[in-house]
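> coords please:
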Amino acid sequence: MSWLAATATTVPPESTQQAIGYPTLFLLVLVGALVPVVPTGALVSSAAVVAFHQTAPFALVLVLVTASLAAFLGDAALYVLGRRGMGSKNGSRWLGAIRSRAPEDRLTQAQGKLAEHGVAVLVLSRLVPAGRIPVMLACLLADWPLRRFARGNLPACVAWALTYQLIGILGGSLFPQPWQGVVAAVALTVVIGATPSVWRRVRGTARALD
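The predicted structure is shown next:
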């Protein structure tokens, strides 16, 4: 037991946080790209807050690389599963899940923009709340090969991770304690994510009243 105590006193708390935090961030963002039940934006912002308050060099860079890579691999895996479903007579549950998360009006809009602007739409899709899946489905329906999708999705994932990291840095710079910055960053990401849905409901209600 003495060696455990010695190890605990010699390992800095930041090293322990990094050893646990980065793999956890990677896994959760990867899963969140496949199954949209994990608030990945809030996770990246929270990790950026913690990294902002650390003294370890390149902590923020590691958050950016970890989140970007996990999002990219998760999207690529989901796209491969979607392509397999497109090639199957009976489809697949993954393709069905993608279709269920892409409303018809959003899909039609994504298809039009994809045909007009190509890869640029894919790059921007991750920056628009709820924009990733309709554009991904539009790419599947357009029969884009994985290589073409990945070429556009890589900068999209980097831009997405950088955006939410900047939100975390803002929250971390406003408050002296990391937990305060985390609360602020999570609240801001929730507001950003909910705004398009609220706007569509308000617009739909206004049209119904007209």
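> which residues sit against stretch 121-141?
Residues outside stretch 121-141 that contact it (CB atoms under 8 Å, 6 or more residues apart in numbering) are 36, 71, 75, 78-79, 82-83, 86, 95, 98-99, 101-103, 106-107, 109-111, 113-114, 149, 152-153, 155-157, 159-160, 163, 192-197. For the C-beta atoms, the positions are set from N, CA and C on the backbone; glycine is no exception.
> same thing but at 6 Å, please
For stretch 121-141, contacts defined as CB atoms under 6 Å, 6 or more residues apart in numbering pick out 82, 86, 98, 101-102, 106-107, 110-111, 113-114, 149, 152, 155-156, 160, 193, 196.
> show me which residues of it are buried.
121-126, 130-141 (16 or more other CB atoms under 10 Å).
> quick one: mean pLDDT for it?
Averaged across stretch 121-141, pLDDT comes to 89.
> how long is that stretch end to end?
15 Å (CA to CA, to the nearest Å).
> any regions of this protein where pLDDT drops low?
1-20, 55-57, 89-92, 175-181, 184-210 (pLDDT under 70).
> can you pull out the helices in this protein?
In the chain, the segments counted as helices under DSSP state H are 2-10, 13-34, 40-52, 59-86, 93-100, 104-117, 119-125, 132-141, 146-174, 178-209.
> of those, flag the one that's most buried.
Compared across the helices of the chain, helix 40-52 shows the largest average neighbour count, a mean of 26 (mean count of other CB atoms under 10 Å).
> which other helices and strands does it contact?
Helix 40-52 sits against helix 13-34, helix 59-86, helix 146-174, helix 178-209, with contacts defined as 3 or more CB pairs under 6 Å, 6 or more residues apart in numbering; DSSP states H and E.
> between helix 59-86 and that helix, find me the angle.
Interaxial angle of helix 40-52 relative to helix 59-86 (axes from the mean of the first three to the mean of the last three CA atoms, to 10 degrees): 160 degrees.
> what inclination does helix 40-52 have with respect to helix 146-174?
Orientation of helix 40-52 against helix 146-174 (the same axes, to 10 degrees) gives an angle of 50 degrees.
> roughly how far out does helix 40-52 sit from the chain middle?
Distance of helix 40-52 from the chain centroid (CA atoms, centre = their mean, to the nearest Å) equals 12 Å.
> and stretch 112-132, by the same measure?
Distance of stretch 112-132 from the chain centroid (CA atoms, centre = their mean) equals 15 Å.
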